[in-house]
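Asker: Sequence plus the predicted model coming up.
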Amino acid sequence: MKIHAIVLAAGLGKRMKSATPKVIHNILGKPIISYIVDAIKEAEKIDKIVIVISKHTEAIRQLYEKRETLMAYQQEPLGTADALKSGLTSIVEPFDHLLVLAGDVPLIRPVTLETLIQQHTRNNNALTLITFNASDPASYGRIKRNPDSTINSIIEANDANNEEIKISEVNSGIYVFNKQALPYLDMIERNTKKDEFYLTDIVSLCNRAGLRVEGVVMPDEAEFVGINSRYELLMAQRLLQRRIAAKWMDEGVTFMDIESILIGPDTRIGRDTIIYPNVVLEGKTDIGQGCTIYPSVIIIDTIIQDNVIIKQSTLIENSKVDTLATIGPFAHLRPGTHVGSKAKIGNFVEIKNSTVGVNSKVSHLSYIGDAQMGEDVNIGAGTITCNYDGKNKYKTVIKDNVFVGSGTEIVAPVTINENAFIGAGSTITVDVPKGALAVARSGQRNLENWAGRKRLAQKAKEQPSSKE
C-alpha cells in the first residue's frame, strides 16, 4: 500500500501583511511549513511528499530544494481543488491513497495523521477527513452528516443557512483520499462567490455517488489551528510552547515559568535541569542533565553537557560547553567556541572560535578570539587576543598552566608555552618559552610636582593679558 502526501502552500496570506509567504514565517525559529512536513515524515507509511507552491511562495522551493520533497506549481489562484490537481501532476509513481493538508497548521501531530490513515484504510473509505468541535466555528466549513453518521457534505460558512451555521462540528482541512475518489476533482464546479474551485465540494460528490466518506473526530481543537494573521501566529506559538514545555516536564525538567520561555521544537533537555524565566533555547540545542540556566539566557544550536551552570544574560551560539563548566553572567560565546570541563567564563567575557581547556578560567572583561587554550590556564581581567590585522585572522596558542596577568594584549600569531607567566599590562608579540616570565611594557617614570605645574599653567592661560 503506497500513500503519498500533498501540502497545499500556494497562498501568500494577505492578512499577514507581509512580503514573506505566511507558511515561511517562523514559530520558535522554524518555518510554519516545516512543522507540517516534519509531521508527515514522522508519520508511518508516507512514501512521497509534494508541496504545491505558486509565484507568491517560490521561497519555499529554496527551503526544500535539497530534500526529498517534490514541488508542484499552481499557475493561478483558483482554489484548493485546483491546487490539489496541480499537485497531482508532480506524482508519476502509482499510489493507493493520498494524504492532503494545508501548509499553515503547524500543531498537527504525526500520531493524528496515523490515526486518520488507519481509520481510512480499515474501513475502506473513499475519503476520510479530520473534524473537530470548534468553540467558535466562525469561518470553518460545517460538517453535515448522514443518518448513519457518514459525512454528507461540507458547507462553507459563507454558503451556510441559518441552521447550518449553528453546527459546531467543522472541517480541519486534512483528508485522505482513495485514488478512486480523485476523478471527482474534475466534477467540482467553480464557486460563483469566490470564483474558485472548493476542494470541500468533493465530499458531496462522493456521497451522491455512493462512496463512503467518514470523519475522524479529534478532541484537541488547538491541533488544527490555521495561521492567517500575526495574532494567530502568536497564539500558535504559545500553544506549541506549552506543548513542548509539558513534554520536557514529563521527562524531569523544571521550568520556573513556562509562559516566558521559548524552547525550540528541535531542542533536547536532560532531566533535573532547571530553567529560569526569559530563557530562549533555539535550533538544535542539546542541554544535558542537572544543568541550571538562569534568567535571560539565549542558547542557539549549542551542546551543553551535564551539570553546567549558565548565569544570567548570557548568549551562546553554535558552541559546545563540557561538564561542570560555568558560564556568565553577561558572557558571549560566539560560533566555534568549545569550553572544557570545569572551565569558567565570567562577567563580560567574549569567546569566539576558540577552545578553552579543562579547568581554565577567563573570568572578567576579556576577549579571546581564534585561540587554542590548554588546561589550567588563568586569563587576567581585561586580556585580549589581537587576532585580526585588518585583513587576516591569526591564531593564538596558550598551552597548559599558563598565567596571564591583567590588561594583557596577545598579538597573534603567537604561542605561549607551558607554565609561562605574563606580567600584567604586557603586549606580547613573540613566542614565550616554557616556564618563562614575559614582561613587555615601558618603564615607569614619575615626574615630580607635574600636577601642580599643570594647574598653574592652566590658571595663567585663563587670566586676560593687561594692555597699556
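Answerer: Okay, I see it.
Asker: May I have the beta-bridge partners of the residue nearest to Ala420 when sequence neighbours are not counted?
Answerer: Spatial nearest neighbour of Ala420, excluding adjacent residues (C-beta to C-beta, 6 or more residues apart in numbering): Val432 at 4.5 Å. Yep, even glycine has a C-beta here, placed from its N, CA and C like the rest. Assessed by DSSP bridges, Val432 has beta-bridge partners Ile416.
Asker: you'd agree Val432 is up against Ile416?
Answerer: Yes - the pair Val432 / Ile416 is scored as a contact, 4.5 Å apart, by C-beta atoms under 8 Å.
Asker: And the two? Which one has more around it.
Answerer: Ranked by neighbour count (other C-beta atoms under 10 Å), Val432 and Ile416 place Ile416 first, with 27 against 23.
Asker: give me every residue that touches the more buried one.
Answerer: Thr396, Val397, Ile398, Lys399, Val402, Val404, Ile410, Ile422, Ile428, Asp431, Val432, Ala438 (C-beta atoms under 8 Å, 6 or more residues apart in numbering).
Asker: which stretches of the protein aren't confidently modelled?
Answerer: Counting by pLDDT under 70, the chain shows low-confidence ranges at 66, 465-468.
Asker: Output the contacting helices and strands for the longest strand belonging to it.
Answerer: The strand that spans the most residues within the chain, counting by DSSP state E, is strand 169-178. Where contact means 3 or more C-beta pairs under 8 Å, 6 or more residues apart in numbering; DSSP states H and E, strand 169-178 is packed against strand 97-102, helix 110-122, strand 127-133, strand 142-145.
Asker: residues contacting Pro295?
Answerer: Tyr276, Pro277, Asn278, Val279, Gln312, Ser313.
Asker: Widest-spaced pair of those residues?
Answerer: Within the contacts of Pro295, Pro277 and Ser313 form the most distant pair, 12.3 Å apart (C-beta to C-beta).
Asker: Grab the nearest non-local neighbour of the residue minimising distance to the centre of the chain.
Answerer: For the chain, the residue nearest the mean C-alpha position is Gly29 (2.5 Å; C-alpha atoms, centre = their mean). Excluding the flanking residues, the one nearest Gly29 by C-beta to C-beta, 6+ apart is Glu282, at 4.4 Å.
Asker: The one you found: neighbouring residues, count only.
Answerer: 21.
Asker: what about Ile60, which SS state?
Answerer: helix (DSSP: H, G, I helix; E, B strand; the rest coil).
Asker: Now do the contacts for it.
Answerer: Contacts of Ile60 by C-beta under 8 Å, 6+ apart are Ala9, Pro21, Val23, Ile24, Ile33, Ile51, Ile53, Met71.
Asker: Could you report the separation of the last one from Thr200?
Answerer: With distances taken as C-beta to C-beta, to the nearest Å, Met71 is found 25 Å from Thr200.
Asker: Those two: which is more packed in?
Answerer: The neighbour count for Met71 versus Thr200, taken as other C-beta under 10 Å, is higher for Thr200 (22 against 16).
Asker: show me where the protein has helices.
Answerer: 32-42, 59-64, 80-88, 110-122, 201-208, 230-250, 450-462 (DSSP state H).
Asker: ranking those by burial, who's on top?
Answerer: Per residue and on average, the most neighbours among the helices of the chain fall to helix 80-88, with a mean of 23 (mean count of other C-beta atoms under 10 Å).
Asker: related to what we said a few turns ago, what touches both of Val432 and Ile416?
Answerer: Between them, Val432 and Ile416 share the neighbouring residues Ile422, Ala438, with contact defined by C-beta under 8 Å, 6+ apart.
Asker: hang on, the earlier thing: just the buried residues from the contacts of Ile416, in PyMOL please.
Answerer: For selection in PyMOL, the members of the contacts of Ile416 meeting the burial criterion (16 or more other C-beta atoms under 10 Å) are listed in this command:
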select buried, resi 396+397+398+399+402+404+410+422+428+432+438
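Asker: so which of the contacts of Ile416 comes closest to Met373?
Answerer: Taking these together and measuring to Met373 by C-beta to C-beta, the closest member is Ile398, at 4.6 Å.
Asker: The closest one touches Gln372, doesn't it?
Answerer: Yes - if you go by C-beta under 8 Å, Ile398 and Gln372 touch, sitting 7.1 Å apart.
Asker: hang on, the earlier thing: which of the contacts of Pro295 ranks first by neighbour count?
Answerer: Top of these by neighbour count (other C-beta under 10 Å): Val279, with 22 neighbours.
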